[in-house]
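Trainee: what follows is a protein structure lacking sequence information:
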């Protein structure tokens, strides 16, 4: 009996030892796994980018401001929290027209803008935004993504410590809102008109006096009589501002901005510290926003045009032919002048203009031909 008890005791000790050993091994493995997991979290935290995005638009402004917000959310979500972008409207951190320098100098990390605002930094920036009598929204995107435009943009922005991606397009807009009816070139002479970018130079050559005012200051300037007319966007954005409450006439077509490209501009040093996966996420989210913003602009402009026309009795007009002719002629002169500034401007202009010429040749069989035929013969 004693022998049996000793044997049983020995077996229990052996089992206990095995149990303790296995339990220790289990906890040891678990601890290692936890440590490895925690180490992974720590490593991930080191790669989290908490970024500040400023915009050249009023905060949450319909169209441009909301596109910036949507783009930030896309990037945040697609990166699974590795990138966290906080958006600030114009004037919240820096004034709208100081965004470019704020990003290049590292004051903020990125901005949502349109490159034609930075003509004072380099005249060729306008090619990556929109040019008077230039490219439509589809043509602009085609040139940037497939015609070599993005590569040329990178070459230009390298000198400013910046990286930029096309991140939206507002499509066609209205030429502008005016207090008085415009029947000829004579009616433009001496008018003070809010217009920015290179198209302001074209309008100056037609006899108007252009005033460059940030979006957030347009309405007060119009109310105070600082300007006689304003250019901003299309029915969606213009209704939000309330231009129709002050001036009755709205003119088209969008000779000045046929396809406004917006951009996400990033401090190059910050961008270069990101993994290739995060860089691709930023690029693909920007590309996604091009189609989404363009579709939304087109839809809302179509719906709200009717509201402005029928409810608010806005007097929509087509620009007189003498203004259209003079505008296109002067636009091409001004663009050629930009091309002569330096070697990179010549290089960008050559690529852009070659694509524009090719697109003009085929347009009569494509968009231009279809829209003209539908307008002439549709009875629906």
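Mentor: Everything's here; your move. Values in this document were obtained by computation on a predicted structure and should not be read as measured data.

Trainee: name all residues that make contact with the residue most central in space within the chain.
Mentor: With distances taken as Cα atoms, centre = their mean, residue 262 lies nearest the centre of the chain, 2.6 Å away. With contact set as Cβ atoms under 8 Å, 6 or more residues apart in numbering, residue 262 has these partners: 64, 67-68, 112-114, 166-170, 293. For the C-beta atoms, the positions are set from N, CA and C on the backbone; glycine is no exception.

Trainee: and residue 85, what element?
Mentor: strand 83-88 (DSSP states H and E).

Trainee: so what strands line up beside that strand?
Mentor: Strand pairing for strand 83-88, determined by DSSP bridges: strand 49-55 (parallel).

Trainee: show the average pLDDT along the partner strand.
Mentor: Averaged across strand 49-55, pLDDT comes to 98.

Trainee: next, the angle from the helix or strand just after that strand to strand 49-55.
Mentor: Next helix or strand after strand 49-55 toward the C-terminus (DSSP H and E): helix 64-78. On the basis of axes from the mean of the first three to the mean of the last three Cα atoms, to 10 degrees, helix 64-78 is oriented at 170 degrees to strand 49-55.

Trainee: just to revisit the earlier point, count of residues packed around the closest residue to the residue nearest to the centre of the chain other than its chain neighbours?
Mentor: If the residues on either side of it in the chain are set aside, residue 262 comes closest to residue 168, at 4.0 Å by Cβ to Cβ, 6 or more residues apart in numbering. For residue 168, the neighbour count with other Cβ atoms under 10 Å is 28.

Trainee: picking that back up, who wins for most neighbours among the contacts of residue 262?
Mentor: Counting by other Cβ under 10 Å, residue 68 has the largest number of neighbours within the contacts of residue 262, with 31 neighbours.

Trainee: tell me the helices in the stretch 101-250 of the chain, going along the chain?
Mentor: Under the criterion DSSP state H, counting those that start in this stretch, helices of the stretch 101-250 of the chain are mapped to 137-146, 149-158, 198-205, 218-223, 235-241.

Trainee: now the strands for the stretch 251-380 of the chain?
Mentor: 261-267, 315-318 (DSSP state E, counting those that start in this stretch).

Trainee: ditto for the stretch 101-250 of the chain
Mentor: All strands of the stretch 101-250 of the chain, identified by DSSP E, counting those that start in this stretch, fall at 110-113, 162-169, 176-178, 192-194, 209-211, 229-230, 249-252.

Trainee: hey, which of those is tucked in deepest?
Mentor: The highest mean neighbour count among these, using mean count of other Cβ atoms under 10 Å, belongs to strand 110-113: a mean of 29.

Trainee: and it, what does it pack onto?
Mentor: Judged by 3 or more Cβ pairs under 8 Å, 6 or more residues apart in numbering; DSSP states H and E, the packing partners of strand 110-113 are strand 49-55, helix 64-78, helix 99-104, strand 261-267.

Trainee: try it again with 10 Å
Mentor: When contacts are defined as 3 or more Cβ pairs under 10 Å, 6 or more residues apart in numbering; DSSP states H and E, strand 110-113 packs onto strand 49-55, helix 64-78, strand 83-88, helix 99-104, strand 162-169, strand 261-267.

Trainee: show residues contacting the fourth one.
Mentor: Applying Cβ atoms under 10 Å, 6 or more residues apart in numbering, the set of residues contacting helix 99-104 from outside is 52-56, 88, 90, 93-95, 107-113, 115, 117-118, 120-121, 125, 157, 159-164, 265-270.

Trainee: thinking again about what came up before, tell me which of the helices of the stretch 101-250 of the chain lies nearest to residue 211.
Mentor: Proximity to residue 211, assessed across the helices of the stretch 101-250 of the chain by Cβ to Cβ, is greatest for helix 218-223 (7.4 Å).
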